[in-house]
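In: structure, please.
(one chain, ligands or ions: 1)
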Amino acid sequence: MKSIKVIIAGPRGRMGREAVMLAANTEHFELAAVVDYKFDGKQINEIQGFQLPIEVPVFGNLESCLQHIKADVLIDLTTPEVGMHHTKTALQYNVRPVVGTTGFSKNDLEELERICTEKEIGCIIAPNFAIGAVLMMKFSQMAAKYFQDIEIIELHHDQKLDAPSGTAVKTAEMIAEVREAKKQGHQNEKETITGARGADFDGMHIHSVRLPGLVAHQQVLFGSDGQTLTIRHDSYNRASFMSGVKVAVETVMNLKTFVYGLENILE
Ligand code: NAP
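Out: A predicted model of the protein is given here:
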């Protein structure tokens, strides 16, 4: 298999570090460069914690990286604003983005889809690369056909920037495909403390918990007369996301369209 040349933006981050190890340790991947605004002009091994047996240049921004390095795929694991800019820049240079960064708006996603359609180039954005989380979303969609009263509780570490999580929003969107909008709880319920009932998505409620010690967790609770069903997924470390990142990098090479959600590329 021809090797896939990969650039990683955000290599110092918790996800970025795992992605660097994935790219460096996968036989048919080649880690061509990383983008880190704090280490422009350095080598990756000058960043604390890296001791790779290969030389990998660090660029301070993606534009200069793409002007110097020929690559197939950009893996972005940064922040929402930076991630959106990186994704558009990569597409401009005909480099396929695989984006794990969460917090993109509906408008952002629509704009990226438009660019991909115009350019006929692949791009994969997945709010959750853990295969178990994708199954949790699919099972929730199945269950929602039979249980219309649903509460989503997502739990993450306290350094997470966006709320609710991309996974919770994606779960709600998938459920909404099979569930008529319905206001849950008592028709006259009143919050005595604002936000007590969480965010409202088609009448479903989404609750975001932030605590040190957590990584990425979600449970979807379904209720009906005399019974409840709970579907739960837990990621205990960032390595749990990497098998999904690997599949996405391999798949995006053969795509000419925009894909949002790992479930759309798993067989
Ligand atoms: P993190 O540890 O905060 O890492 C983000 C990294 O991006 C930091 O090292 C940050 O550096 C760096 N960064 C910021 N601006 C940059 C720029 N212009 N160029 C290069 N690097 C830049 O966060 P994380 O936990 O790794 O998560 C990263 C993203 O992935 C988040 O959006 C998170 O929600 C998402 N995530 C997705 C999945 C999934 O499966 N899709 C799973 C977990 C997390 P500084 O801190 O020095 O600014």
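In: most centrally placed residue in the chain?
Out: Residue closest to the mean C-alpha point of the chain, counted by CA atoms, centre = their mean, is residue 127 at 2.6 Å.
In: how near is it to residue 104?
Out: Noted for residue 127: a distance of 9 Å to residue 104, by CB to CB, to the nearest Å. Every C-beta, even on glycine, is put in place using the N, C-alpha and C of the backbone.
In: who touches both of these two?
Out: residue 166 (CB atoms under 8 Å, 6 or more residues apart in numbering).
In: hmm, the residue nearest to the centre of the chain is touching residue 170, no?
Out: Yes: when contacts are counted by CB atoms under 8 Å, residue 127 is listed as touching residue 170 (5.0 Å).
In: who touches both of the two?
Out: residue 261.
In: near the ligand, which residues of the stretch 151-267 of the chain are found?
Out: Residues of the stretch 151-267 of the chain lying close to the ligand by CB under 6 Å from any ligand atom are 160, 216, 241.
In: let me see the contact set for the second one.
Out: If a contact means CB under 8 Å, 6+ apart, then residue 216 has 128, 130, 133, 155, 156, 157, 165, 167, 234, 235 as its contacts.
In: least confident pick among those?
Out: The member of the contacts of residue 216 with the lowest pLDDT is residue 128, and it reads 90.
In: mind checking the SS state of that residue?
Out: For residue 128, the assignment made with DSSP: H, G, I helix; E, B strand; the rest coil gives coil.
In: residue 230 too?
Out: strand.
In: can you give me the helices in the stretch 101-250 of the chain?
Out: Remark: helices assigned in the stretch 101-250 of the chain by DSSP state H, counting those that start in this stretch are 106-119, 131-144, 166-176, 242-252.
In: so, low pLDDT: which residues of this protein?
Out: Along the chain, segments meeting pLDDT under 70 span 1.
In: go with 90
Out: 1-2, 127, 263, 266-267 (pLDDT under 90).
In: which ones are touching residue 67?
Out: Contact analysis of residue 67 by CB under 8 Å, 6+ apart lists nothing.
In: pull the number of nearby residues for the residue in the stretch 151-267 of the chain positioned nearest to the ligand.
Out: Relative to the ligand, the nearest point of the stretch 151-267 of the chain is residue 241 (4.1 Å; CB to the nearest ligand atom). Other residues lying near residue 241 total 26 when counted by other CB atoms under 10 Å.
In: how about the one 3 residues further on?
Out: In terms of burial, residue 244 registers 23 neighbours under the definition other CB under 10 Å.
In: how far away is it from residue 129?
Out: 3 Å.
In: now do residue 77
Out: 10 Å.
In: now residue 74
Out: 15 Å.
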